[in-house]
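In: what follows is a predicted structure for the sequence shown.
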There are 2 protein chains.
Amino acid sequence: MNPDYESVQAAAERIGPFINHTPVITSEKLDIIAGCSLFFKCENLQKAGAFKSRGAVNAIMSLGAPALAKGVATHSSGNHGAALARAAGLKNTTAYIVVPDNARQVKQDAILSYGGQVILCEPTLEDREAKLEVVLKETGATFVHPYDQEEIIAGQGTAMLELVQQVQGLDIVIVPVGGGGLLAGCCLVAEHEQIKIIGAEPEGADDACRSVDTGELVLRHTPKTICDGLLTTLGTRNFEIIRDKVDSMLLVSDQETIEAMSLVWTRMKLIIEPSSAVTLAVVLRNPGLFEGKRVGLLLTGGNVDLTDLPF
Amino acid sequence: MNPDYESVQAAAERIGPFINHTPVITSEKLDIIAGCSLFFKCENLQKAGAFKSRGAVNAIMSLGAPALAKGVATHSSGNHGAALARAAGLKNTTAYIVVPDNARQVKQDAILSYGGQVILCEPTLEDREAKLEVVLKETGATFVHPYDQEEIIAGQGTAMLELVQQVQGLDIVIVPVGGGGLLAGCCLVAEHEQIKIIGAEPEGADDACRSVDTGELVLRHTPKTICDGLLTTLGTRNFEIIRDKVDSMLLVSDQETIEAMSLVWTRMKLIIEPSSAVTLAVVLRNPGLFEGKRVGLLLTGGNVDLTDLPF
């Protein structure tokens, strides 16, 4: 079943005590550069360093005692794995995370530090699914999809719910798109609040743009972008919601993303990952669209390797 | 005249609309590492990137129209210069900032970007005072001391006033000490709220520790530390307040500071300068003092050169 606005409200209630109500930060300098009023929703300051904690906690808190006793499982090379491991810990249950063996060690370390169990797989769709299948069979754990599941979408949408409570009179909100869980959840709130919503995507991973443009979900693509959080392919549920409710989808180059990321680091003193910076990059690439407007930007996460920065 | 708690309250009223009410951020991971509950007051997210905006705005807003017409002047190699330039702009007046010619270009750029005027001097006390004297004589500008002035101390204290409103039941607050304006202002609030207050200082710039220990203000010292915001010598007014009201002064090594800074960057996704990290370094060096306590830490600023990081 696809979630609706009420699902997001229920998720907010459910996860409230277990996540950060992240601040909205502004910058006079960036407003001048952008020619509009920017409101940055800082999910990089979220538990486990990314908005993924919202959906993960919502999924865990939606499970009954019998399911919780057997744990949860997922596949993730990024923030969802750590977020689910942390969320599972809140209910004293175990998270089994299937991780490609070429994922950065810091990602595995994050999962382990939250008490999660890492199961390595080859970096192919086939082996990932096979390994996950084995885990589910052996443990009886409940599968929690990284982005294409009702509880996840509703959980991620709570970021937008908080944003509209924190900032009055927003004209537009810009949200990065990878698997589309965050954008889909935010679309539900944007529609209810009658705020325009734009999806931001790297040119090198433009499957969501193409899916919305053509009305056909693009399933196979070979992404190539610095935005490691936006490599995943748009989910089916998310596609349906986004196709119906998003106002537009806009692309940015990796170079534009790096420049935007650098501006946020230096002007706002916030550590954000490249996937977060596509939002500001969209504004700077399309100044005419945003001039004089009140623009919300979802900063999705801050998990970067400080020894390997792009600037 | 030395400021008191009421001066801080009045400053908060005066500067409220012109500064950020910065968030307090927590980290489950750092709490586990530290063995206590840490509440980070994020003045790195303050206007112009540092708490200095509080004192600077208070000083500007305390001036009458005739003084404002002639502008303000100060000497600064760091955050105070940019903060005063920004504050002056709020009242459409000019800030003349005497800057040592060996200061980083980014510092000059920050002052210029806020519309301030940079007057270069040789990096000696004598030439700085001489150049400032000339500026004051030629322009009739009002001198705004970087740290040792009633309006500055009261303004900086508003950071602590906000912190105690944001977090109930704090046991201890830790504040970095350079010229001592921030610590002195925070001491006024700590005394009123009956919260313990600790000054944190680098071993390589321990003049405030020695001054409090001996009861005699150390005036001449040659600081050597990575904490470029803590090089200044304790001010006279600040010494009097701190000597009477601080609970203890604790030292940390630069290595401890770098490790603490790295933890805040990686765990909290916040860009802080080394001067901010002395607070967490104090906690990690003295775990017995803080075990199980609710500890506030003043993160003073986030102005670092991203191309020259210590890790």
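Out: Noted; the coordinates are in hand.

In: ok so A:Val99 is a helix residue?
Out: No. Remark: A:Val99 does not belong to a helix; assigned using DSSP: H, G, I helix; E, B strand; the rest coil, it is strand.

In: where along chain A do the helices fall?
Out: Assigned by DSSP state H, chain A shows helices spanning A:5-15, A:28-34, A:52-61, A:65-70, A:79-90, A:105-113, A:125-139, A:150-166, A:181-193, A:207-214, A:236-245, A:254-268, A:274-285, A:287-290.

In: out of the ones you listed, which is the most enclosed?
Out: helix A:52-61 (a mean of 30; mean count of other CB atoms under 10 Å in any protein chain shown). Every residue, glycine included, has its C-beta placed from N, CA and C.

In: which residues are contacting it?
Out: A:11, A:14-15, A:18-20, A:46-47, A:68, A:72, A:78-80, A:82-84, A:86-88, A:90-91, A:93, A:144, A:146-147, A:149, A:151-156, A:158-159, A:181, A:185, A:301 (CB atoms under 8 Å, 6 or more residues apart in numbering or on different chains).

In: rank the helices of chain A by mean pLDDT and give me the bottom one.
Out: The minimum mean pLDDT among the helices of chain A belongs to helix A:105-113 (a mean of 89).

In: within reach of chain B, which of the contacts of helix A:52-61 are there?
Out: Counting by CB under 8 Å from any CB of the partner chain, A:Asn20, A:Lys47 from the contacts of helix A:52-61 sit close to chain B.

In: which residues touch the residue nearest the centre of chain A?
Out: Centroid-nearest residue in chain A, with CA atoms, centre = their mean: A:Leu182, separated by 4.9 Å. By CB under 8 Å, 6+ apart, A:Leu182 lies in contact with A:Phe51, A:Tyr147, A:Gln156, A:Gly157, A:Ala159, A:Val175, A:Pro176, A:Leu298, A:Thr300.

In: before we move on, what about A:Phe39?
Out: A:Val24, A:Ile25, A:Thr26, A:Leu163, A:Gln166, A:Val167, A:Leu170, A:Arg294, A:Val295, A:Gly296, A:Leu297.

In: just the buried ones from those residues?
Out: A:Val24, A:Ile25, A:Thr26, A:Leu163, A:Val167, A:Leu170, A:Arg294, A:Val295, A:Gly296, A:Leu297 (16 or more other CB atoms under 10 Å in any protein chain shown).

In: what's the closest non-adjacent residue to the second one?
Out: Same thing as A:Ile25. A:Phe40 (4.9 Å; CB to CB, 6 or more residues apart in numbering or on different chains).

In: quick check, that neighbour in contact with A:Gly302.
Out: No. Using CB atoms under 8 Å, A:Phe40 is not in contact with A:Gly302, being 11.9 Å away.

In: how about JSON lines for the contacts of A:Phe39, with distance to A:Gly215 added?
Out: What follows is the contacts of A:Phe39, written out as JSON lines (distance: CB to CB, whole Å):
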{"residue": "A:Val24", "distance to A:Gly215": "34"}
{"residue": "A:Ile25", "distance to A:Gly215": "37"}
{"residue": "A:Thr26", "distance to A:Gly215": "37"}
{"residue": "A:Leu163", "distance to A:Gly215": "29"}
{"residue": "A:Gln166", "distance to A:Gly215": "34"}
{"residue": "A:Val167", "distance to A:Gly215": "33"}
{"residue": "A:Leu170", "distance to A:Gly215": "28"}
{"residue": "A:Arg294", "distance to A:Gly215": "31"}
{"residue": "A:Val295", "distance to A:Gly215": "27"}
{"residue": "A:Gly296", "distance to A:Gly215": "27"}
{"residue": "A:Leu297", "distance to A:Gly215": "27"}
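
In: between those, which sits nearest A:Asp127?
Out: In terms of CB to CB, no member of the contacts of A:Phe39 lies closer to A:Asp127 than A:Leu297, at 36.3 Å.

In: ok, the closest one - contacts?
Out: A:Leu38, A:Phe39, A:Phe40, A:Lys41, A:Val173, A:Ile174, A:Thr279, A:Leu280, A:Val283.

In: do that again at 6 Å, thanks
Out: Contacts here follow CB atoms under 6 Å, 6 or more residues apart in numbering or on different chains; on that basis A:Leu297 touches A:Phe40, A:Ile174, A:Thr279.

In: the closest residue to chain B within the stretch 1-150 of chain A: neighbour count?
Out: Using CB to the nearest CB, the single residue of the stretch 1-150 of chain A nearest to chain B is A:Pro23, 3.9 Å away. Neighbours of A:Pro23 under the rule other CB atoms under 10 Å in any protein chain shown: 19.

In: in JSON lines, list the helices of chain A along with distance to B:Val98.
Out: Formatted as JSON lines, the helices of chain A follow (distance: least, CB to CB, whole Å):
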{"stretch": "helix A:5-15", "distance to B:Val98": "52"}
{"stretch": "helix A:28-34", "distance to B:Val98": "24"}
{"stretch": "helix A:52-61", "distance to B:Val98": "48"}
{"stretch": "helix A:65-70", "distance to B:Val98": "64"}
{"stretch": "helix A:79-90", "distance to B:Val98": "47"}
{"stretch": "helix A:105-113", "distance to B:Val98": "45"}
{"stretch": "helix A:125-139", "distance to B:Val98": "62"}
{"stretch": "helix A:150-166", "distance to B:Val98": "40"}
{"stretch": "helix A:181-193", "distance to B:Val98": "49"}
{"stretch": "helix A:207-214", "distance to B:Val98": "53"}
{"stretch": "helix A:236-245", "distance to B:Val98": "55"}
{"stretch": "helix A:254-268", "distance to B:Val98": "25"}
{"stretch": "helix A:274-285", "distance to B:Val98": "35"}
{"stretch": "helix A:287-290", "distance to B:Val98": "37"}
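
In: out of these, which gets nearest to A:Ile119?
Out: Across those, closest to A:Ile119 is helix A:125-139 (CB to CB), at 5.8 Å.

In: check which helices and strands that closest one sits against.
Out: The elements that helix A:125-139 packs onto, with contact taken as 3 or more CB pairs under 6 Å, 6 or more residues apart in numbering or on different chains; DSSP states H and E, are strand A:72-75, strand A:95-100, strand A:117-121.

In: any chance of these in JSON lines, plus mean neighbour count, mean pLDDT and distance to A:Ser248?
Out: JSON lines is the format used below for those (neighbours: other CB atoms under 10 Å in any protein chain shown; pLDDT from 0 to 100; distance: least, CB to CB, whole Å):
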{"stretch": "strand A:72-75", "mean neighbour count": "26", "mean pLDDT": "97", "distance to A:Ser248": "31"}
{"stretch": "strand A:95-100", "mean neighbour count": "25", "mean pLDDT": "96", "distance to A:Ser248": "33"}
{"stretch": "strand A:117-121", "mean neighbour count": "18", "mean pLDDT": "97", "distance to A:Ser248": "36"}
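
In: so which bits of chain A are right by chain B?
Out: A:Pro23, A:Ile25, A:Asn44, A:Leu45, A:Gly49, A:Lys269, A:Ile271, A:Gly302 (CB under 6 Å from any CB of the partner chain).

In: so the fifth one makes contact with A:Gly302?
Out: Pointing back at A:Gly49 there. Yes. Using CB atoms under 6 Å, A:Gly49 is in contact with A:Gly302, at 5.2 Å.

In: mind listing the shared neighbours of those two?
Out: Here A:Gly49 and A:Gly302 share the contacting residues B:Lys269, scored by CB under 6 Å, 6+ apart.

In: export stretch A:296-310 as PDB, just CAs?
Out: C-alpha atoms of stretch A:296-310 as PDB (Å, rounded to 0.1, in the frame of the first residue of the first chain):
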ATOM      1  CA  GLY A 296      13.700  24.900   1.600                       C
ATOM      2  CA  LEU A 297      16.600  22.500   0.900                       C
ATOM      3  CA  LEU A 298      16.900  19.000   2.400                       C
ATOM      4  CA  LEU A 299      20.400  18.300   3.500                       C
ATOM      5  CA  THR A 300      20.300  14.600   3.600                       C
ATOM      6  CA  GLY A 301      23.500  13.500   5.300                       C
ATOM      7  CA  GLY A 302      27.000  14.200   6.400                       C
ATOM      8  CA  ASN A 303      28.800  10.900   6.100                       C
ATOM      9  CA  VAL A 304      32.000  11.700   4.200                       C
ATOM     10  CA  ASP A 305      35.500  10.500   4.300                       C
ATOM     11  CA  LEU A 306      37.500  13.400   5.600                       C
ATOM     12  CA  THR A 307      40.700  12.000   4.100                       C
ATOM     13  CA  ASP A 308      39.200  12.000   0.600                       C
ATOM     14  CA  LEU A 309      37.500  15.400   0.000                       C
ATOM     15  CA  PRO A 310      36.700  16.600  -3.500                       C
END
